[in-house]
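J.: the following comprises the amino acid sequence and a computationally predicted model.
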Amino acid sequence: MSLYDPERRREDPAARVGMALLRLSQAVKKLSLAEAEEQGLTPVQAQTLLFVRHTKPFLTSVGRLAAELGTTHATAVGVVDALVRRGLLVKEPGPFDRRVTLLRLTPAGEAICRNLDRLGQTLADALARLAAEDLASLERHLGALVWSLREAGALQVSEPCRGCVHFQEDADPGAPEPHRCALIARYLSEEDARRVCPDFTPVTLAGTGGAGAG
Ligand code: SF4
C-alpha cells in the first residue's frame, strides 16, 4: 500500500508523516518553480547556479553537480551547456587536476545569483512561525532523517567545513590558507572553509561508519 492510501495513513503514523513530507516536497517544488521563473530559469538551472556559487571552487565539477541535483551525468551536462550558452557559466580546467573541468559563474551569473537570494524564503517564513522548541525538535528529527537518506545514497548533503570531522582549524596560523582538510590533505583559505562541500562528515557521525568521503 502506498502513502497515498488513506487506509494505510489511518493506521500508520510513519505513513502519515511520510505523506506530509511528500506534500511538503510538492509545495517546495511549486514555490521553487515560481521563484526561479522570476529570473527566467528552471528550478534545476537556479539550483545549478547556486551550487557553483556556494560550493568550494575546487569541487564544482559536473559530476558533483549531478550528485547534488540527483540526476545523471548526461542530464547535468545538458543543464550546464544551456547555462554556458546563456553566458551565466564558464568551464575551466581544475588547478590540481587539469583533466577535471570545473564550473565558474560569469559576472552575469553572479548577478542572477544575487537575485536568487530569496529562493526558499516562503518556506523559511512558514517555518519561522513555529514555536522555538517545535522548530528545534523538527530540526533534530528532520536532520536525522536527512542523514539517514544520505547514508542510503538517496541525496547529497553539502555543508561548510566547521563541524566536519576532517577539518583542522588554524593548522597553519597566519598563513593565507590557515586551515586544513585531512581528507584531501590540502590547506584551505577562510573563504574555502566557508563554502560548502559534499564530503562534509559531521563530528557526531564520526566512528559510526557514517557519511563517507564521496
Ligand atoms: S571533507 Fe570536511 S574538512 Fe574537508 S573540505 Fe569537505 S567539509 Fe571541509
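T.: Yep, it's here.

J.: from the chain's centroid, how far away is the lowest-mean-pLDDT helix or strand in the chain?
T.: The helix or strand of the chain with the poorest confidence is helix 6-11; it has a mean of 85 (mean pLDDT, DSSP states H and E). The chain centre lies 33 Å from the centre of helix 6-11; the measure is CA atoms, centre = their mean, to the nearest Å.

J.: so that it lines up with my notes, have the first residue be 51 from now on.
T.: Happy to do that; since the first residue is 51 now, the last one works out to helix 56-61.

J.: which elements pack onto it?
T.: Using 3 or more CB pairs under 8 Å, 6 or more residues apart in numbering; DSSP states H and E, the elements in contact with helix 56-61 are helix 63-87. Every C-beta, even on glycine, is put in place using the N, C-alpha and C of the backbone.

J.: what residues does the protein put near the ligand?
T.: Neighbours of the ligand within the chain, by CB under 6 Å from any ligand atom: Cys211, Cys214, His216, Phe217, Cys231, Leu233, Ile234, Cys247, Asp249, Phe250.

J.: would you mind writing the PyMOL command to select the buried ones in those residues?
T.: Provided next is the PyMOL selection string for whichever of the residues of the chain next to the ligand are buried by 16 or more other CB atoms under 10 Å:
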select buried, resi 211+214+216+217+231+233+234+247+249+250
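
J.: from the residues of the chain next to the ligand, which ones fall inside helices?
T.: The helices, defined by DSSP state H, take in nothing from the residues of the chain next to the ligand.

J.: out of the residues of the chain next to the ligand, which two are the most distant from each other?
T.: For the residues of the chain next to the ligand, the farthest-apart pair by CB to CB is Ile234 and Phe250; their separation is 12.3 Å.

J.: tell me the SS of the spatially closest residue to Ala178 that is not a sequence neighbour?
T.: If the residues on either side of it in the chain are set aside, Ala178 comes closest to Leu185, at 7.9 Å by CB to CB, 6 or more residues apart in numbering. Using DSSP: H, G, I helix; E, B strand; the rest coil, the structure places Leu185 in helix.
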